[in-house]
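Engineer: Quick check, what structure comes out for this input:
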Amino acid sequence: RIVQRDDGRYFMTYTSNDGKTARLSIASSTDLKTWTKHGLVLSSEKHQDTWSKAGAIVCKIEEGRIIATKIDGKYWMYFGDTNLFMATSDDLVSWEVCENEESKKRISVLHPRMGKFDSRLVEPGPYALLKNEGILLIYNASNAANFNDPNLPKFTYAAGQALFNKDKPYELIDRTSGYFIHPDKDYEKIGEVNEVCFVEGLVRFNDKWFLYYGTADSKIAVAVSEEPL
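Structural biologist: Numbering: from 1, shown residues only. Sure, this is the predicted structure:
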């Protein structure tokens with residue numbers, strides 16, 4: 001997931017893996033060709049061995065550019081692939097996990113729901129989009145083996161949308177009751193991993209939204225909408 005800082009530098013969140021543990025990492029570039037790795041997002045001794053991935057930074061669209069945007073003096077990122085957690089930064093390089101002061105545990109801001117398409121897990125999709133109504137986060141989700149959405153095969157990956165308070169990015173306003181994209185084509189239903197639509201890229205171009213997503217962990221597809229998000 002790539003976003004741009006207001007000074008023009010690009011920042012990419014990506015997953016590094018030592019064969020055992022996935023760790024959310026960050027790199028930057030001025031030209032999208034040569035990248036500087038800055039290491040782990042969860043770099044503190046407490047969290048550096050914690051499984052983490054899928055960092056979605058809060059951004060706004062300016063003249064077609066995806067610009068990371070501070071709220072209350074900080075950059076904000078949603079991350080995680082079970083529940084969603086948050087981290088903040090002053091510079092997009094060094095990040096601090098949002099923790100409960102009493103328990104010292106990460107605070108979950110979005111979690112799975114019994115009986116829904118997102119009953120097994122939730123995971124960020126593209127960058128989180130700052131709008132007048134709030135912060136729109138398109139998120140991936142998986143259907144559990146039980147207490148799930150009975151209309152989807154178990155472990156199906158589909159996507160929903162959540163809206164957070166634009167002044168308090170950790171405060172959930174609402175989320176879709178169902179998915180807006182799910183596997184219904186052969187190349188989405190059959191592949192390396194069956195029944196997967198996994199959204200990760202969002203671009204505004206020629207007054208249309210282009211949503212890029214993985215299909216069955218095998219191919220890349222795009223969905224297009226002329227409707228406002």
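Engineer: Quick check: beta-bridge partners of the spatially most central residue of the chain?
Structural biologist: In the chain, the residue lying closest to the centroid (CA atoms, centre = their mean) is Pro124, at 2.2 Å. On the basis of DSSP bridges, Pro124 is bridged to Tyr139.
Engineer: swap in Glu96?
Structural biologist: Glu96 has these beta-bridge partners by DSSP bridges: Thr88.
Engineer: Please name the residues that touch it.
Structural biologist: 44, 87-89 (CB atoms under 8 Å, 6 or more residues apart in numbering). C-beta coordinates here come from the backbone N, C-alpha and C atoms, glycine included.
Engineer: what about the residue nearest to Gly39 when sequence neighbours are not counted, how many residues close to it?
Structural biologist: Nearest non-adjacent residue to Gly39, counting by CB to CB, 6 or more residues apart in numbering: Ser25, 6.4 Å away. Residues lying near Ser25 (other CB atoms under 10 Å) number 21.
Engineer: my guess is Ser25 meets Phe11, correct?
Structural biologist: No: between Ser25 and Phe11 there is no contact under CB atoms under 8 Å: 11.1 Å.
Engineer: how near is Asp118 to Lys219?
Structural biologist: The spacing between Asp118 and Lys219, counted by CB to CB, to the nearest Å, is 23 Å.
Engineer: cool, and Asp18?
Structural biologist: 27 Å.
Engineer: out of those two, which sits in the busier spot?
Structural biologist: Neighbour count, other CB under 10 Å: between Asp18 and Lys219, Lys219 has more, with 12 against 8.
Engineer: residues contacting the more buried one?
Structural biologist: So Lys219 contacts 187, 191 (CB under 8 Å, 6+ apart).
Engineer: Please name the bridge partners of it.
Structural biologist: Going by DSSP bridges, Lys219 forms beta bridges with Thr215.
Engineer: okay, it: pLDDT?
Structural biologist: The model reports Lys219 with a pLDDT of 96.
Engineer: Please apply the same query to Glu227.
Structural biologist: 83.
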